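A.B. asks: 3D, please:
(one chain, ligands or ions: 1)
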Amino acid sequence: MTATPPPGEPLIALRGVTKTYGQGQAAFQALRGVDLSIEAGEFVAIMGPSGSGKSTTMNIMGCLDVPSGGSYLFRNIPVERLDRNQRALLRRHYLGFVFQGFNLLARTSAQENVELPLLYRGESAASRHALAREALASVGLAGVGHHTPAELSGGQQQRVAIARAIVTRPAVLLADEPTGNLDTHTSREIMELLTGLNRDRGITVLMVTHEPEMAAYAHRVIHFRDGRVASDERNGGTG
Ligand code: ADP
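C.D. replies: Now for the predicted structure:
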C-alpha cells in the first residue's frame, strides 16, 4: 500500500456519518449525518462550538472510533469494516496525532518520546535513534533530545509531540487544538511549523481550533454545529 489514494478518490471521505453515544433513553446523537471529502495535501481547520461534534469526527477520521451509521472511507477503505487490529495498523502507518496537552511521557527524554512510535513498529534501535534525531531537527529541536518534557517550554514540548507524530512519515496529521495551551507568539510558531510540514512534505493536516487566527493558516475551514457540517469554505490562508 502507498500513502496515495487511487486516482480521483479523496484521501478521506465521510458519507452520511452518524454517531450515537449510549442507548435507549440515554442515547445521544453526536453526529447527525456528516458528508465530507478531504484530498491529499489539504490543510483543514475544524471549528465550532463545544459539543458540536468536532472531537467525535476527529476520532472517526483518526480511526480511533467508527461511525454508528454511514461510512468512513480512508483511501477508499471502509474503516468501519476493519477490526481493531486492522484499524491500529492503519493508524500506525498513515496517521500522526498531536494534542492540546502535548501528551508526552514525563520522565522520558524528548528523544525517547519521539522514538516511541518506531518502537511499536519494531524498528531497530539504530534506526530509531537516527529517525528520531532527524525528526527533532526538522522541528527545530536539534540538540535537546536528552531533555525531559519538564525541562522544556510549552512550545518546545509541542514541537517534540509534532516530531513524535511525524517520525513515522504519516500521510495525515490530526491535531486537536494544538495551540490551546500556548501563548499567541508560540502558537504562531507552531502554526508556521504545521504549515511547513503541509507545504514541504505534503502531509495532510486536520486541525481542530477555537482560534480564528490559527484557523486562518489553513486552506479550508469547516464549521460544525449540532453534529453537522454548518459551513465548509476555502481560505486564503497565511501559509
Ligand atoms: P466537540 O469536540 O465539538 O466539543 P464532541 O464530539 O466531543 O464535541 O461531542 C459531541 C457531543 O457528544 C457532546 O454533546 C458530548 O457530550 C457527546 N459525547 C461525546 N463523547 C461522548 C461519550 N463517550 N459518551 C457520551 N456522550 C459523548
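A.B. asks: other SSEs contacting the host helix or strand of residue 158?
C.D. replies: Assigned by DSSP states H and E, residue 158 falls within helix 154-166. Other helices and strands packing on helix 154-166, by 3 or more Cβ pairs under 8 Å, 6 or more residues apart in numbering; DSSP states H and E, are strand 95-99, helix 110-120, helix 125-138, strand 172-176, helix 184-201. Placement of C-beta: from N, CA and C, glycine included.
A.B. asks: mean pLDDT, mean neighbour count and distance to residue 44 added to the ones you listed, as JSON lines?
C.D. replies: Formatted as JSON lines, the helices and strands packed on helix 154-166 follow (pLDDT from 0 to 100; neighbours: other Cβ atoms under 10 Å; distance: least, Cβ to Cβ, whole Å):
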{"stretch": "strand 95-99", "mean pLDDT": "96", "mean neighbour count": "21", "distance to residue 44": "14"}
{"stretch": "helix 110-120", "mean pLDDT": "95", "mean neighbour count": "21", "distance to residue 44": "23"}
{"stretch": "helix 125-138", "mean pLDDT": "97", "mean neighbour count": "17", "distance to residue 44": "22"}
{"stretch": "strand 172-176", "mean pLDDT": "97", "mean neighbour count": "24", "distance to residue 44": "10"}
{"stretch": "helix 184-201", "mean pLDDT": "97", "mean neighbour count": "17", "distance to residue 44": "10"}
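A.B. asks: isn't there a strand covering residue 229?
C.D. replies: Yes - applying DSSP: H, G, I helix; E, B strand; the rest coil, one finds residue 229 inside a strand.
A.B. asks: Provide the secondary structure category for residue 146.
C.D. replies: Residue 146 - assigned by three-state DSSP - is coil.
A.B. asks: dump the residue contacts of the spatially closest residue to it that is not a sequence neighbour.
C.D. replies: Of all residues beyond its chain neighbours, the one nearest residue 146 is residue 109 (5.3 Å), with distances taken as Cβ to Cβ, 6 or more residues apart in numbering. Residues in contact with residue 109, defined by Cβ atoms under 8 Å, 6 or more residues apart in numbering, are 145, 146, 147, 148.
A.B. asks: quick one: the first one and residue 133 touch, right?
C.D. replies: Yes - the pair residue 145 and residue 133 passes the contact test of Cβ atoms under 8 Å, sitting 6.5 Å apart.
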